[in-house]
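Engineer: Got a sequence here, can you build the structure:
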Amino acid sequence: MPAAFRRARSAEAAASVRKRTPACPPPDRSRNGSPPGDVSLAPGNSGKRHPLKPLDSIFAGLARSRFRSRFRLGPRERAYLAAKGPETIRAHAADFIAARLAPAEPANDGRQTPMRGHPIFIAQHATATCCRACLAKWHNIPAGRALTPAEQQHVLAALDRWLAAQPAPEPLGEPPAGTTRPALG
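Structural biologist: Numbering: from 1, shown residues only. Now for the predicted structure:
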């Protein structure tokens, strides 16, 4: 079979597959325009949204999760946290939330938070505030709409609480009391 014919045939096959299977099916909307399962705007609910889950119950669930409970700040992240201070780290967190989580449809949702590189990234995975799906599952914040200021504050409070529970950085330089350094040479 000539190469040009194979390329044309494979291009036709790929095009027909693309026509049959959309990349992401459109969400099924109920009568009131909200996604199914979002009973916060269901008829008869007078437009009230679900309350946010209390942080105590969220952290109890996170402690039971094998995936979420394995996150810890490494020495570099703890040193960065100590060097920058809590106010600067909180400002970074607010910026990350506003840019990566607050929009109704964030870019690369589900993959927008790296697993390392900044204390906030690790804290977001540990507290299930890394993407809109995790916010919906763990914090009762529905996806598909922009975060309200109160919801952004809830996310910041979860991050603050997790970071405060992390151990303080170990001082560099001198070894702990009672230990000796090996002799060089």
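
Engineer: list the buried ones in the one helix or strand A60 maps to?
Structural biologist: A60 is part of helix 55-64 when elements are defined by DSSP states H and E. For helix 55-64, the neighbour count (16 or more other Cβ atoms under 10 Å) marks 55, 58-59, 62 as buried. (Each C-beta comes from the backbone N, C-alpha and C, glycine too.)

Engineer: packing partners for that helix?
Structural biologist: helix 66-69, helix 149-164 (3 or more Cβ pairs under 8 Å, 6 or more residues apart in numbering; DSSP states H and E).

Engineer: Farthest pair within the buried residues of helix 55-64?
Structural biologist: L55 and L62 (9.8 Å; Cβ to Cβ).

Engineer: thinking P167 is in contact with R78, fair?
Structural biologist: Yes: P167 lies in contact with R78 (Cβ atoms under 8 Å); the separation is 7.3 Å.

Engineer: More neighbours: which of those two?
Structural biologist: Using other Cβ atoms under 10 Å as the criterion, P167 and R78 rank with R78 on top: 18 against 8.

Engineer: residue ranges for the helices of this protein, please.
Structural biologist: Using DSSP state H, the helices of the chain run over 3-20, 55-64, 66-69, 75-84, 86-96, 119-126, 132-134, 149-164.

Engineer: Looking at the ones you listed, which is nearest to A104?
Structural biologist: helix 132-134 (8.8 Å).

Engineer: State the mean pLDDT of that closest one.
Structural biologist: Taken as a whole, helix 132-134 has a mean pLDDT of 91.

Engineer: Now do it: which elements does it pack against?
Structural biologist: Packed next to helix 132-134, using 3+ Cβ pairs under 8 Å, 6+ apart, is no helix or strand.

Engineer: Run through who's touching that helix.
Structural biologist: 101, 106, 109-110, 128, 141, 143-144 (Cβ atoms under 8 Å, 6 or more residues apart in numbering).

Engineer: Can you pick out the most distant pair from the residues you listed?
Structural biologist: So, those by Cβ to Cβ: farthest apart are A128 and G144, at 17.7 Å.

Engineer: More neighbours: those two, which one.
Structural biologist: Using other Cβ under 10 Å as the criterion, A128 and G144 rank with A128 on top: 22 against 12.

Engineer: Okay, the more buried one and L62: tell me how far apart.
Structural biologist: Distance of A128 to L62, computed by Cβ to Cβ, to the nearest Å: 6 Å.
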